[in-house]
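S.K.: Need a 3D model of the following:
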Amino acid sequence: MKLFLAEDDAVLADALLTRLGQLGFSVSHAADGLAAQRQLLAEPFDAVILDIGLPGQSGLQVLRNVRVHKPALPILLLTALDSMEDRVAGLDAGADDYLVKPFEFPELEARIRALLRRHRVADNVRDELHFGRLRLDRGGQRAWSGQQALELSARELQLLDILMAHADRVVTKEQIAAELSGDGEEVGANAVEVYVHRLRKKLDGSGVGIRAVRGLGYLLAVSDAGA
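M.R.: Below you'll find the predicted structure:
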């Protein structure tokens, strides 16, 4: 999953890049507003962490300009300004969430997870995902292989949704754990392995498999079996 960080404080940026990388995210970084805006408009990202006090061009102006072209992109504002007026200005400019400095990393991580979950829920207006012979009805929480309904648990459906939504990319174990976690429940790496094992068995004969990419994560792949 690809994040973008716009932060001019070198120490904080380095700490965030390290921590987010440990969580399995691929993170691009810019230290000024103009560079951030260029990159955000040129490349696809799953979510953005945007500091308001950027040199060159303010984070609020970057936010307004990016919103014109990418209205659905999840954006979290970082700022040292904590008055009600500042928060309202950020949200009115198009931010999805707002975090005041200084903050603890666990809170930032939780807010990113929440942004990504909300974005996936909003994405459900597409209703269905397709990969090979697999079809997933996101709203109805059902899945099929061809015309055959798949009997999947809620966690297995969530996992299949994550893999199908990122079918063109390797999804790390840490990313899966982050997306499955929520509502006070943390999903660990061992649990992810169990869910992958169970889902892999239930996809037997579908023509689609879950391939483990050593040292990286998991990838949906079309196989000859069941084709």
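S.K.: any idea how far the closest residue to residue 31 other than its chain neighbours is from residue 15?
M.R.: Among residues not flanking residue 31 along the chain, residue 8 sits closest, at 4.7 Å (Cβ to Cβ, 6 or more residues apart in numbering). In short, each C-beta sits where N, CA and C put it, glycine included. Residue 8 is 14 Å from residue 15, where distance means Cβ to Cβ, to the nearest Å.
S.K.: These two: which is more packed in?
M.R.: residue 8 (17 against 13; other Cβ atoms under 10 Å).
S.K.: now the more buried one, what's its secondary structure?
M.R.: coil (DSSP: H, G, I helix; E, B strand; the rest coil).
S.K.: I figured it was touching residue 57, is that so?
M.R.: No: the criterion here is Cβ atoms under 8 Å, and residue 8 misses it with residue 57 at 11.3 Å.
S.K.: which residues do those two both contact?
M.R.: residue 32 (Cβ atoms under 8 Å, 6 or more residues apart in numbering).
S.K.: So which bits of the longest helix anywhere in the chain are buried?
M.R.: Across the chain, the longest stretch assigned as helix under DSSP state H is helix 105-123. Residues 108, 109, 111, 112, 113, 115, 116, 117, 120 are the ones in helix 105-123 that count as buried (16 or more other Cβ atoms under 10 Å).
S.K.: That helix: how far from the chain's middle?
M.R.: Helix 105-123 has its average C-alpha position 7 Å from the chain's average C-alpha position, going by Cα atoms, centre = their mean, to the nearest Å.
S.K.: need the strands for the protein, in chain order.
M.R.: Assigned strands in the chain, in chain order: 2-6, 26-30, 47-51, 75-79, 97-100, 128-131, 134-137, 142-145, 148-149, 208-213, 217-222 (criterion: DSSP state E).
S.K.: out of the ones you listed, which comes closest to residue 189?
M.R.: strand 217-222 (10.9 Å; Cβ to Cβ).
S.K.: what's the closest one packed up against?
M.R.: helix 154-165, helix 173-180, strand 208-213 (3 or more Cβ pairs under 8 Å, 6 or more residues apart in numbering; DSSP states H and E).
S.K.: May I have the strands that pair with the shortest one, each with its orientation?
M.R.: The partner list of strand 208-213 in its sheet, established with DSSP bridges, is strand 217-222 (antiparallel).
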